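Asks: here's a sequence, model it:
(one chain, ligands or ions: 1)
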Amino acid sequence: MSKATLAREAVKLVKPGMVVGLGSGTTAREFIKALAEARIDGVVLVPTSVDSEILAQEVGLGNALRPMWAVDHVDLAVDGADEVTRDKLILKGRGGALLREKIVDYAADMFVVLIEEHKLVERIPKASPVPIEVVPWAWRFVARRIEREFGGSARLRTGEGKLGPVVTDNGNYIVDWTPPGPLDASAEDRLKAVPGVVESGIFSKRRDAVVLVARRDGTILSF
Ligand SMILES: O=C(CO)[C@H](O)[C@H](O)COP(=O)(O)O
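Replies: Residues are numbered from 1 along each chain as shown. The predicted structure is shown next:
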């Protein structure tokens, strides 16, 4: 229910003709459904995962879908997150869509993050590991190097419905890293500097994001 409330709030920001990035995950799915109900003229939609693309097609938004290469700007991106701090250090990627999410969310003129209150945290990571998309050929080497350089433990993500590693929409693997302690914004660049790392779920460069929080009392907090 609260995800749907957040989604309806975010849809109010969508104006006719806008290019809108569709995030991924259960909250982003509510946004896609609410957007379909709103029937806003002339919007162009860039999905950040095959999951969001399929849902958008199923709810009647198929004609508006474009790949990222087919647009030259994104007006608004609306996405969920796993954990967010008050100063807008954002952790994403539990759904494995972090790479396309980061491309679209970082490109958007306005980035709106929809979370429920339990995801508002003092430090990241709190309860979720840090997902890191890696080149499959090097995955074990990269995981060990992250452990050596930064500490903690890095594990290959395996899934349900198929034996072996989860393969992302970009054909890569995901290593879930549990660091030895809280991270600061520098972790994003430090991880990216490891050869074989494609992207991480640390989103530290959108401090201008608008975060909408569904509170337990039914109200929405915006910061
Ligand atoms: O980053 C993501 C997927 O890669 C999701 O946005 C994040 O995991 C939140 O998902 P949900 O809304 O289902 O809690």
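
Asks: element containing the residue sitting furthest away from the middle of the chain, please.
Replies: The centre of the chain is farthest from one residue, Arg148, which by CA atoms, centre = their mean lies 26.8 Å away. Per DSSP states H and E: Arg148 is located in helix 139-150.

Asks: now do Glu199
Replies: Under the criterion DSSP H and E, the helix or strand holding Glu199 is strand 197-200.

Asks: on contacts alone, who are the packing partners of that strand?
Replies: Secondary-structure packing of strand 197-200 (3 or more CB pairs under 8 Å, 6 or more residues apart in numbering; DSSP states H and E): helix 98-107, strand 130-134, helix 186-192. In this view, the C-beta of every residue, glycine as well, is placed from N, C-alpha and C.

Asks: which bits of this structure sit near the ligand?
Replies: 23-28, 79-82, 92-98, 101 (CB under 6 Å from any ligand atom).

Asks: okay but Ser200 is in contact with Asp189, surely?
Replies: No: using CB atoms under 8 Å, Ser200 is not in contact with Asp189, being 9.6 Å away.

Asks: in terms of packing, which of those two has more residues around it?
Replies: It is Ser200, of Ser200 and Asp189, that has more neighbours when counted by other CB atoms under 10 Å, with 29 against 12.

Asks: partners of the more buried one in the sheet?
Replies: The residues listed as beta-bridge partners of Ser200 by DSSP bridges are Ile132.

Asks: residues in contact with it?
Replies: Listed by CB atoms under 8 Å, 6 or more residues apart in numbering, the contact set of Ser200 reads 93, 98, 130-133, 187-188, 191-192.

Asks: please apply the same query to Gly196.
Replies: 134-135, 138-139, 141-142, 145.

Asks: if we use 10 Å, what do you get?
Replies: 132, 134-143, 145-146, 172, 175 (CB atoms under 10 Å, 6 or more residues apart in numbering).

Asks: who wins on neighbours among those?
Replies: Ile132 (29 neighbours).

Asks: thought it was touching Leu191?
Replies: Yes: assessed by CB atoms under 10 Å, Ile132 is found in contact with Leu191 at 6.2 Å.

Asks: right, I'll leave it there.
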